[in-house]
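**Student:** Return a 3D structure for these sequence lines:
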Amino acid sequence: MAEEGRIAVEKKATGVAYVMINRPRALNSLTREMIVELARAIKALSEDEAVGAIVLYGSGRAFCSGVDLTAAEAVFKGDVKDPDADPVHQMELCRKPIVGAVRGYAVTAGFEIALACDVLVAGEDAVFLDTHARFGIFPSWGLSQKLARIIGANRAREVSLTAAPITAAAAERWGLVGQVVEPEKVVEKATELAEAMLRNNRDLVLRYKSVINDGLKLDLASGLALEKERAHRFYDGMTREQFEQMRKYISSRRSPAPSKL
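**Tutor:** Purely as a prediction, here's the structure:
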């Protein structure tokens, strides 16, 4: 177990890496040092070829309750401008899929970290809360833009301008999270999803994540063109032998029953 007030990283032989925000007595609020440490951890895992997927979670009964306001000035006037010290920026650059396991509170910066994950699993006790407007903090890790694109502009305005909490049930209903499970099973379910990704072609998983996320920044026509461009580049790089290996691999397998989501 890492020292409290630190970011804990654990890598498994399966290719799943775990990143834990470990400050449970403060509901995993982030100090300046933890913010920098989280950014560096995500960047290192992105570059680690032994890692295929990442599970991100908080220690104890919260995911992350935001930035420790004693560090606010140093973070918002300095580190927030430094991409190497910005964990959300590093998550957005990360080549590996990130599965967020959210139990308890994901508040403001913690909410933004959750939104930077590629897939979200929530405990029944999860609460997503945007308090930027309540405390006079300007969002800088993406909440003002991402939430509206996921749950719709009207809902996002209501949530952010009133600082109203989103329950786990509402988050699932609105498409913010993929699955809701018992709180003590959140990391287990996130691990199942990460391992399911790793049973697929790892190179294609990374390419697929990239084309989805990059395409979401574009209008539909440009996104379709991006997919076509990358597909052509991918197939142009394959040899005849690789196509034959693909054919043999597919013909040798019976399609398994799809896992239930």
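
**Student:** quick one: average pLDDT of the host helix or strand of Q242?
**Tutor:** Under the criterion of DSSP states H and E, Q242 resides in helix 240-252. Throughout helix 240-252, pLDDT has a mean value of 81.

**Student:** hmm, who's touching it?
**Tutor:** Helix 240-252 is contacted by residues M238 when judged by C-beta atoms under 8 Å, 6 or more residues apart in numbering. (Each C-beta comes from the backbone N, C-alpha and C, glycine too.)

**Student:** and the end-to-end length of stretch 71-87?
**Tutor:** End-to-end distance of stretch 71-87 (C-alpha to C-alpha, to the nearest Å): 15 Å.

**Student:** now the helices: where do they sit in the stretch 51-200 of the chain?
**Tutor:** 72-77, 87-93, 109-115, 132-135, 143-151, 153-162, 168-173, 186-198 (DSSP state H, counting those that start in this stretch).

**Student:** looking at those helices, which one has the lowest mean pLDDT?
**Tutor:** Minimum mean pLDDT among the helices of the stretch 51-200 of the chain: helix 72-77, a mean of 70.

**Student:** Near S144, how many other residues are there?
**Tutor:** 16 (other C-beta atoms under 10 Å).

**Student:** Now do the contacts for the spatially closest residue to it that is not a sequence neighbour.
**Tutor:** Spatial nearest neighbour of S144, excluding adjacent residues (C-beta to C-beta, 6 or more residues apart in numbering): S160 at 7.1 Å. Contacts here follow C-beta under 8 Å, 6+ apart; on that basis S160 touches D130, H132, A133, L143, S144, L147.

**Student:** Just the buried ones out of those, please.
**Tutor:** Buried members of the contacts of S160, scored by 16 or more other C-beta atoms under 10 Å, are D130, H132, L143, S144, L147.

**Student:** Quick check on T31: phi, psi?
**Tutor:** Per-residue torsions, T31: phi -80, psi 170 (degrees, to the nearest 10).

**Student:** Now the most centrally placed residue in the chain. Nearest residue, chain neighbours left out?
**Tutor:** Nearest to the mean C-alpha position of the chain, by C-alpha atoms, centre = their mean, lies C117 at 1.0 Å. Leaving aside its chain neighbours, C117 sits nearest to G100 (3.3 Å; criterion: C-beta to C-beta, 6+ apart).

**Student:** ditto for R230
**Tutor:** Closest residue to R230 apart from its sequence neighbours, by C-beta to C-beta, 6+ apart: V211 at 5.5 Å.

**Student:** Break this protein down into its structural domains.
**Tutor:** The record, using automatic domain parsing to delimit domains, assigns the chain the ranges 6-198, 202-252.

**Student:** Give me whichever of the ones you listed is most buried.
**Tutor:** Ranked by mean neighbour count under mean count of other C-beta atoms under 10 Å, the domains of the chain are led by domain 6-198, which reaches a mean of 19.

**Student:** Just the terminal-to-terminal distance for that domain.
**Tutor:** One end of domain 6-198 sits 28 Å from the other (C-alpha to C-alpha).
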